[in-house]
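> Compute the structure for the input listed below.
(one chain, ligands or ions: 1)
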Amino acid sequence: MGCLTDCLCCPLLFWPSIIGLAAYFLRKYMQGGQFTKQTDETGKVFIVTGANTGIGKETVLEIAKRGGTVYMACRDMNRCEKARKDIIQETNNQNIFSRELDLSSLESIRKFAAGFKKEQDKLHVLVNNAGVMHCPKTLTKDGFEMQLGVNHMGHFLLTHLLLDVLKKSAPSRIVNVSSLAHSHGSINTGDLNSEKSYSRIGAYSQSKLANVLFTRELAKRLEGTGVTTNSLHPGAVDTELSRNWKFLKHPLAQLLVKPLQWVLFKTPRNGAQTTLYAALDPALKEVSGLYFSDCKPKDVSAAAQDDKTGKFLWAESEKWTGVNAAKQD
Ligand SMILES: NC(=O)c1ccc[n+]([C@@H]2O[C@H](COP(=O)([O-])OP(=O)(O)OC[C@H]3O[C@@H](n4cnc5c(N)ncnc54)[C@H](OP(=O)(O)O)[C@@H]3O)[C@@H](O)[C@H]2O)c1
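Sure, this is the predicted structure:
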């Protein structure tokens, strides 16, 4: 006992122990809300976009454990197939499929939706998860600014192409993975495609605000159909999302940032909890148009409650993606 007290009183051990303990408890706290309800997803069909890594992969893994049939919709088929095999090996659920979907191409989105409908006549949950963040100015194949194009426009079209099958499968859900970044964003009505000026951060925030506005407007349009839609913030999660921050790849930056990330960021598994809550919680069967964080409802920014901007974005999104034409297909 005396020896232990001596050791702890030694400044060389005392402070590192205190800092270590504080870091451990802070990390535990930062992992956030958990979706702990047991559900059986056997017989239900899911689509998760951007499912080969990060939050998307963990979402598929948990649904697979609960018996669901999952379509992993990814742009890189090698990475998708590898993730699919990992998930099948861990869960022994053979009903996990990888299919090609590049959200930066309207043609690819149409091809994916048509292919899915040939294979399945049911869809119970669509998880619009894929995302790009803070990339240098680039355009999608159809000329849309990449972050708005992939994060919002691509998912807007995908959702519309799958609405008929979602309605047929009701009760069904659409889950849009947004971000707290929506609260710093605004919809640039005069320059939606960032042609006059481009900011990596501004374009990401705009796209994530678009996710929330889309969810709210869609919820109104889906009233009475049995299809619900909600959006969410997964938390700050240690994934590949920051891949465009090149300075983070420098060994010195890694040395500084990695310990901070370990303490302050959620693991991908914990980052998937709010998505799982929105997708699976039986208590949310009739809840629509909300925004969640840490497995509970949370208020959105004033800009995200602006119905006029929501309608403007909807009309523009229809024009850009040709959604009305799609309805006549
Ligand atoms: N991580 C966070 O702290 C955080 C915070 C708030 C919100 N979010 C949101 O959470 C979602 C998931 O992100 P994450 O953190 O899991 O990031 P991630 O690890 O980078 O995963 C993103 C996924 O999106 C896919 N993707 C990117 N562009 C695509 C395209 N054109 N077509 C199809 N798929 C595409 C990626 O595919 P590749 O692997 O082939 O690139 C990857 O599978 C995103 O919507 C993000 O905005 C994340």
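> Spell out which residues sit in contact with residue 124, please.
44, 45, 46, 169, 171, 172, 173 (C-beta atoms under 8 Å, 6 or more residues apart in numbering). Just so you know, the C-beta spots here come from the backbone N, C-alpha and C atoms, and that holds for glycine as well.
> The second one: neighbouring residues, count only.
Using other C-beta atoms under 10 Å, the number of residues around residue 45 comes to 22.
> Run through the residues that contact it.
68, 69, 70, 71, 120, 122, 123, 124, 125, 169.
> Equivalent analysis for the last one, please.
For residue 173, the residues meeting the contact criterion (C-beta under 8 Å, 6+ apart) are 124, 125, 126, 227, 228, 229, 230, 278, 279, 284.
> and it, what are its bridge partners?
residue 125, residue 228 (DSSP bridges).
> What score does residue 326 have for pLDDT?
Confidence at residue 326, expressed as pLDDT, is 47.
> I misspoke; the intended subject was residue 260.
Residue 260 is given a pLDDT of 87.
> Quick check: it is in a strand.
No. Membership of residue 260 in a strand is not supported by DSSP: H, G, I helix; E, B strand; the rest coil, which gives helix.
> and it, how many neighbours does it have?
Neighbour tally, residue 260, other C-beta under 10 Å: 10.
> Check residue 308 too.
8.
> and it, what element?
Per DSSP states H and E: residue 308 is located in helix 307-321.
> Report the buried residues of that helix.
309, 310, 313, 314, 316, 317, 318, 320, 321 (16 or more other C-beta atoms under 10 Å).
> who's in contact with the spatially closest residue to the first one that is not a sequence neighbour?
What that stands for is residue 309. Among residues not flanking residue 309 along the chain, residue 187 sits closest, at 5.0 Å (C-beta to C-beta, 6 or more residues apart in numbering). Residues in contact with residue 187, defined by C-beta under 8 Å, 6+ apart, are 206, 209, 210, 213, 303, 309, 312, 313.
> got these as a markdown table, with pLDDT and distance to residue 198 columns?
What follows is the contacts of residue 187, written out as a markdown table (pLDDT from 0 to 100; distance: C-beta to C-beta, whole Å):
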| residue | pLDDT | distance to residue 198 |
| --- | --- | --- |
| 206 | 98 | 11 |
| 209 | 98 | 16 |
| 210 | 98 | 16 |
| 213 | 98 | 21 |
| 303 | 98 | 19 |
| 309 | 98 | 20 |
| 312 | 98 | 20 |
| 313 | 98 | 18 |
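> which one of these is nearest residue 88?
residue 210 (34.2 Å; C-beta to C-beta).
> helix or strand for residue 83, which one?
With DSSP H and E as the criterion, residue 83 is inside helix 77-91.
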